[in-house]
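K.L.:
Here is my input; please provide its structure:
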Amino acid sequence: MTHPSHPHDHGDHGATPAPTSTPTPTHDHDHDHAEILDLDADVLAEHLASVTAWLPVTAAPRHIVDLGCGTGAGTLALLTRFPEAQVTAVVSSATHLRRLREKADAGGVGGRVHTVLADLDTQWPDLSAPDLSAPDVSGPDPSHPDPNRPHPNRPDLVWASASLHHMVDPRRTLRQVHDSLAPGGLFAVVELAGFPRFLPADAPEDRPGLEDRCHLASERRHDSRLPHRGADWGPMLTAAGFEVEAERTIAVDIEASPSNAVGRYALSSLRRVRAAVDDHLSPEDLAALDRLLDTDGPHGILHRPDLAVRTRRTVWAARRT
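P.N.:
This next block holds a predicted model:
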């Protein structure tokens, strides 16, 4: 709740799913992105469950679509929240879909998941419920559902967590979601208010405020390419024909656990930030960041007892009337 924005792909944060509109990444990039999404899901599992529990559904959905599903954090949370539902998970990364499939099979819910490999900016897939008896990674169906034709397999719920801001034309995407939903169906949009913070404001001791400077540099670099990051989606949802029923901003503050998942999440996130700010920070800040990222050094982030995940997420619940 992914996610956000996220340092995963473009310096964004979140429980962000894989971007749905970028060129096919390299294997190593995709693998690293999948790893950080898995850490995000692990650390923020309780928070994600609270968001799915809050959704103002009028009846338990039978068919859910997870747009920009990443490695499946939202998909699995929705399957738990709605045990009779089936989920169509859509993303542009085959690596992420394979990871999602492995998780779903390991959790005994593989038969309730259909995976669709699609770039939502270039070809909108058919989101009607498929035959899930033999789920597999598949390409998009070029047909677009007729919004005026009743279809018993249209989704009752569409979920988009930290994915809409990656779209080239998110207003068009909102209209496509509206037309794909069953009448009365719910669209849940989850977006992050900013990068997560892991360190106290006065850390590290030799360069206080380093984390904020890193994120500011990353934001400046990527603002032009992700202009909708941090947007207010309420007016855009209304313009697309939805009725916004509820909006909620949730503060996330999770302290480090004995498993050190927060430490590993912080390490992976700041490594992604490091790659994005190499030419935008002072030599002193870069040296301090490198000390934090040194897993063997005494000042490495994995050795700090004061880590936490602090961020905010906003959720919009919009109805197709």
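K.L.:
what's the spacing between residue 257 and residue 46?
P.N.:
As defined by Cβ to Cβ, to the nearest Å, residue 257 lies at a distance of 11 Å from residue 46. In short, each C-beta sits where N, CA and C put it, glycine included.
K.L.:
These two: which has the busier surroundings?
P.N.:
residue 257 (12 against 9; other Cβ atoms under 10 Å).
K.L.:
So that one: helix, strand or coil?
P.N.:
Going by DSSP: H, G, I helix; E, B strand; the rest coil, the secondary structure assigned to residue 257 is coil.
K.L.:
What's the separation between it and residue 308?
P.N.:
Residue 257 sits 10 Å away from residue 308, taking Cβ to Cβ as the criterion.
K.L.:
Residue 177 too?
P.N.:
Computed with Cβ to Cβ, the distance linking residue 177 and residue 308 is 34 Å.
K.L.:
how about low-confidence regions in this structure?
P.N.:
1-33, 130-152, 221-230 (pLDDT under 70).
K.L.:
residue ranges for the helices of it, please.
P.N.:
Under the criterion DSSP state H, the chain carries helices at the ranges 27-43, 45-54, 73-81, 94-106, 170-180, 210-222, 233-239, 261-276, 283-293.
K.L.:
Can I get those in CSV including distance to residue 87?
P.N.:
Written out in CSV, the entries for the helices of the chain read as follows (distance: least, Cβ to Cβ, whole Å):
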stretch, distance to residue 87
helix 27-43, 15
helix 45-54, 12
helix 73-81, 5
helix 94-106, 9
helix 170-180, 14
helix 210-222, 30
helix 233-239, 22
helix 261-276, 25
helix 283-293, 36
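K.L.:
Out of these, which is closest to residue 62?
P.N.:
helix 73-81 (12.1 Å; Cβ to Cβ).
K.L.:
and the closest one, how far from the chain's centre?
P.N.:
Here helix 73-81 shows a centroid-to-chain-centroid distance of 13 Å under the convention Cα atoms, centre = their mean, to the nearest Å.
K.L.:
Against which helices or strands is it packed?
P.N.:
With contacts defined as 3 or more Cβ pairs under 8 Å, 6 or more residues apart in numbering; DSSP states H and E, the packing partners of helix 73-81 are helix 27-43, helix 45-54, strand 63-67, strand 86-91, helix 94-106, strand 157-161.
K.L.:
ok, now which ones touch the spatially most distant residue from the centre of the chain?
P.N.:
Relative to the centre of the chain, the most outlying C-alpha is that of residue 206, 33.4 Å out, by Cα atoms, centre = their mean. The contact partners of residue 206, taken as Cβ atoms under 8 Å, 6 or more residues apart in numbering, are residue 288.
K.L.:
okay, now residue 54: neighbour count?
P.N.:
Residue 54 has 13 nearby residues by other Cβ under 10 Å.
K.L.:
Provide a list of residues in contact with it.
P.N.:
Under the criterion of Cβ under 8 Å, 6+ apart, the contact partners of residue 54 comprise 248, 315.
K.L.:
that older thread, who's more crowded, residue 177 and residue 308?
P.N.:
Between residue 177 and residue 308, residue 177 has the larger neighbour count (other Cβ under 10 Å), namely 27 against 16.
K.L.:
Neighbours of the closest residue to residue 128 other than its chain neighbours, how many?
P.N.:
If you skip the residues right next to it in sequence, residue 128 has residue 153 as its closest partner in space, 4.2 Å away by Cβ to Cβ, 6 or more residues apart in numbering. Burial of residue 153 is recorded as 16 neighbouring residues (other Cβ under 10 Å).
K.L.:
do the same with the one 3 residues further on
P.N.:
Using other Cβ under 10 Å, residue 156 is surrounded by 21 other residues.
K.L.:
List the residues that contact it.
P.N.:
Neighbouring residues of residue 156 by Cβ under 8 Å, 6+ apart: 57, 59, 61, 62, 63, 64, 181, 182, 184, 185, 186.
K.L.:
One more pass at 10 Å, please.
P.N.:
Residues in contact with residue 156, defined by Cβ atoms under 10 Å, 6 or more residues apart in numbering, are 57-65, 82, 85, 129, 181-182, 184-186.
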